[in-house]
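> Structure of the sequence below:
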Amino acid sequence: MSTQTYLGLDIGTSAVKGVLVDTHQLCLATASSAYSVTHPHAGWAEQDPELWWQAVEEVVAQLRRQADAAMAKVAGIGLSGQMHGLVVQSQHGEVIRPAILWNDSRASQQCQQLKERLPELDVATITSVEPMPAFWAAKLLWLKAHEPEMLANAHHFLLPKDYVRWRMSGERITDMCDAAGTQLFDQARRAWSPEILAACGVAERQLPNLAEGSTALAALNSDIAARWGIENQVPIAAGAGDVAAGALGLGAINEGDAFFTLGTSSQLFIATSGYRPAPKHALHAFAHALPERWFQMAAMLNGASVLAWAAKLMGVSIDEALAAAEKQKGSASSLLFLPYLNGERTPHNDPDARGVLFGLHPSSGVGEVIQAVLEGVGFSLREARDVIEQAGTPIARLTVIGGGSRSDYWLQLLADILERPIARCEESESGPAFGAARLARLAVTQENPEAVCQPPRIEKVFEPNSENHSHNFERYKRLYRALSPEFAIASKLDN
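Residues are numbered from 1 along each chain as shown. From the prediction side, this is the model:
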């Protein structure tokens, strides 16, 4: 066992990330390969699944260049990925339209249709959330209304990471966590819901088979294994949606373990020992990647990607933007920024929400604008913290992962806004891929999850030391309430 390694692949929204981990859980190599999202219309977000596969091939090639001998000894592969994306395949496996991603809001009208089709069924309690346009249920109804001929030729539906698994093995399988994000899934039973499938016009045979994340029902194709320099035809763990895989990478598997992500989107996550739906708070209560475990999660559609957008708009790099904001010395900006570039889920469940920069004056500069953007993302996370605690789950401390976690300045600002300590761990940017590698190991060794999913070493803790953001937080909430009716009008004009 001492020579074995495990490969973790995270199929993200903007890139595939890969890690090669040894039996001591040391990262021997890391790699990434980026791609883009297309937006054919306002509120739409699509990707060609072929981009994911090309990026996987590139990531594996990078890992081999760094650690070829370790790649040869891979004993298992784990997959993580962006949740909610809908891949549509023909009978023979061809992708017959671009994948509709998690941040696509075109199906907002179909959310009400789903409730009307199931008047006697409490969809929100069964699936943990009110119908949302990001999930498969609404997307399938949209396809039925707008692309009926294409849908008639659809034989299989897959999530992003599970499309990659199909390319690797020929098997159509998903894990409980990723299935939980389709709104076709009965969370408490950890099974597809026959009633919701019928309402969406989907047969269970069109869906991937279900498996717990730490089990393996597929193996890497021998030809691909040879091309990748892997000596054996290794098992592929069922894996997890990115947020649950990130939780495993951080050891967040037991009651009360909490963290948040600063990636393309943001999530605030807390593990629970049972299924605790809280749909009135727009919280997700999903099956975890390990058996008989669940979690509550506030899902925000706008995270560190908002900073990247603002920096590009201002004509500066992200590092230059952060440096300009840091000159504000942490003081609250007089500007307000609503970061809802992709609509919002928690706490508003408002796909029509828009980004807003409020309070500009002639002397407004890059630093003040970027400071407002950083605060806006922080206020979004603060609302998430508040609704989780209102739902009865206290948060004492948060760990952070994701690309945005590199900035000390931003993390200190977030600690101040959230009024909670924030811990940054080693390998914080590789969380989901590292968690996927842990699932690969569990699938191979059948070890106790507590023994494998230990928290990583804390690199730095940011203690809250300022309360000067409370006033702006209240203004931020009032601004959304004041503009909410206008967002719906803007959405109609866009379409």
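> can you tell me how far Gln91 sits from Gly201?
Noted for Gln91: a distance of 17 Å to Gly201, by C-beta to C-beta, to the nearest Å. Placement of C-beta: from N, CA and C, glycine included.
> more crowded one of the two?
Using other C-beta atoms under 10 Å as the criterion, Gln91 and Gly201 rank with Gly201 on top: 13 against 9.
> The closest residue to the more buried one other than its chain neighbours sits in which helix or strand?
Using C-beta to C-beta, 6 or more residues apart in numbering and skipping residues adjacent in sequence, the residue nearest Gly201 is Lys144, 6.1 Å away. Using DSSP states H and E, Lys144 sits within helix 136-146.
> counting contacts, what elements does that helix pack onto?
helix 108-117, helix 148-152, helix 194-200 (3 or more C-beta pairs under 8 Å, 6 or more residues apart in numbering; DSSP states H and E).
> Which one, of these, ends up nearest to Gly249?
Between Gly249 and those, the tightest spacing by C-beta to C-beta is seen for helix 194-200, at 30.9 Å.
> Run through who's touching whichever helix or strand comes after that closest one.
The C-terminal neighbour of helix 194-200 among helices and strands, as given by DSSP H and E, is strand 209-211. With C-beta atoms under 8 Å, 6 or more residues apart in numbering as the test, strand 209-211 has contacts from Glu171, Arg172, Ile173, Thr174, Asp175, Met176, Ala179, Arg190, Ala191, Trp192, Leu217, Ala238.
> got it, and stretch 50-57?
So stretch 50-57 is contacted by 9, 11, 15-16, 18, 33-36, 95, 160, 163-164, 167 (C-beta under 8 Å, 6+ apart).
> how about the residues you listed, which pair is most distant?
Gly18 and Val95 (22.3 Å).
> And the two? Which one has more around it.
Per other C-beta under 10 Å, whichever of Gly18 and Val95 has more neighbours is Gly18, with 26 against 16.
> For that one, which non-adjacent residue is spatially closest?
Gly18 sits nearest to Val59 (C-beta to C-beta, 6+ apart), 4.0 Å away.
> Neighbours of that neighbour, how many?
Val59: 25 neighbours (other C-beta under 10 Å).
> same deal with Trp136?
25.
> Restricting to C-alpha, output the helix or strand that contains Asp10 in CSV.
Assigned by DSSP H and E, Asp10 falls within strand 5-11. Output in CSV follows, covering the C-alpha atoms of strand 5-11 (Å, rounded to 0.1, in the frame of the first residue of the first chain):
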residue,chain,number,x,y,z
THR,A,5,-1.3,6.9,-5.1
TYR,A,6,-4.8,8.4,-5.7
LEU,A,7,-5.9,10.7,-8.5
GLY,A,8,-8.5,13.4,-7.7
LEU,A,9,-10.1,15.4,-10.6
ASP,A,10,-12.5,18.4,-10.1
ILE,A,11,-14.5,19.3,-13.1
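> Now do whichever helix or strand comes after it, average pLDDT.
Once the chain leaves strand 5-11, the next helix or strand it forms, by DSSP H and E, is strand 15-22. For strand 15-22, mean pLDDT is 97.
> any idea how far Gly251 is from Ala244?
Taken as C-beta to C-beta, the span from Ala244 to Gly251 is 13 Å.
> So which of these two has more stuff around it?
A count of neighbours by other C-beta under 10 Å puts Ala244 above the other of Ala244 and Gly251, at 36 against 21.
> how about the strand or helix carrying Glu450: buried residues?
Using DSSP H and E, Glu450 maps to helix 449-452. Within helix 449-452, the residues that count as buried by 16 or more other C-beta atoms under 10 Å are Pro449, Val452.
> for the record, mean pLDDT for it?
So the average pLDDT for helix 449-452 ends up being 96.
> Now the element after it, going C-ward?
strand 458-462.
> So which residues make contact with that next one?
Asp408, Leu411, Gln412, Leu414, Ala415, Pro421, Ile422, Ala423, Arg424, Cys425, Glu426, Ser428.
> among the residues you listed, who's most crowded?
Leu414 (28 neighbours).
> Is it correct that that one is in contact with Ile422?
Yes - with contact defined as C-beta atoms under 8 Å, Leu414 reaches Ile422; the gap is 6.0 Å.
> which neighbours do those two share?
Val400, Phe462.
> Make a markdown table from the helices and strands packed on helix 136-146 and add mean neighbour count and mean pLDDT to it.
Shown next, in a markdown table, are the helices and strands packed on helix 136-146 (neighbours: other C-beta atoms under 10 Å; pLDDT from 0 to 100):
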| stretch | mean neighbour count | mean pLDDT |
| --- | --- | --- |
| helix 108-117 | 18 | 94 |
| helix 148-152 | 11 | 95 |
| helix 194-200 | 18 | 96 |
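> how about these, which one is nearest His348?
Of all the helices and strands packed on helix 136-146, helix 108-117 comes closest under C-beta to C-beta, at 12.5 Å.
> and the direction of the closest one versus that of helix 136-146, what angle?
Between helix 108-117 and helix 136-146, the angle comes out at 100 degrees (axes from the mean of the first three to the mean of the last three C-alpha atoms, to 10 degrees).
> For helix 108-117, name the packing helices and strands.
Using 3+ C-beta pairs under 8 Å, 6+ apart, helix 108-117 sits against helix 136-146, helix 194-200.
> Would you convert those helices into a markdown table that also reports distance to Arg354?
A markdown table is the format used below for those (distance: least, C-beta to C-beta, whole Å):
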| stretch | distance to Arg354 |
| --- | --- |
| helix 136-146 | 20 |
| helix 194-200 | 29 |
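> Now do the helices in the stretch 301-450 of the chain.
Assigned by DSSP state H, counting those that start in this stretch, the stretch 301-450 of the chain shows helices spanning 304-314, 318-326, 366-390, 408-418, 431-445, 449-452.
> Buried residues in the helix holding Lys144, which are they?
So, applying 16+ other C-beta under 10 Å, buried residues of helix 136-146: Trp136, Ala137, Ala138, Lys139, Leu140, Leu141, Trp142, Leu143, Lys144.
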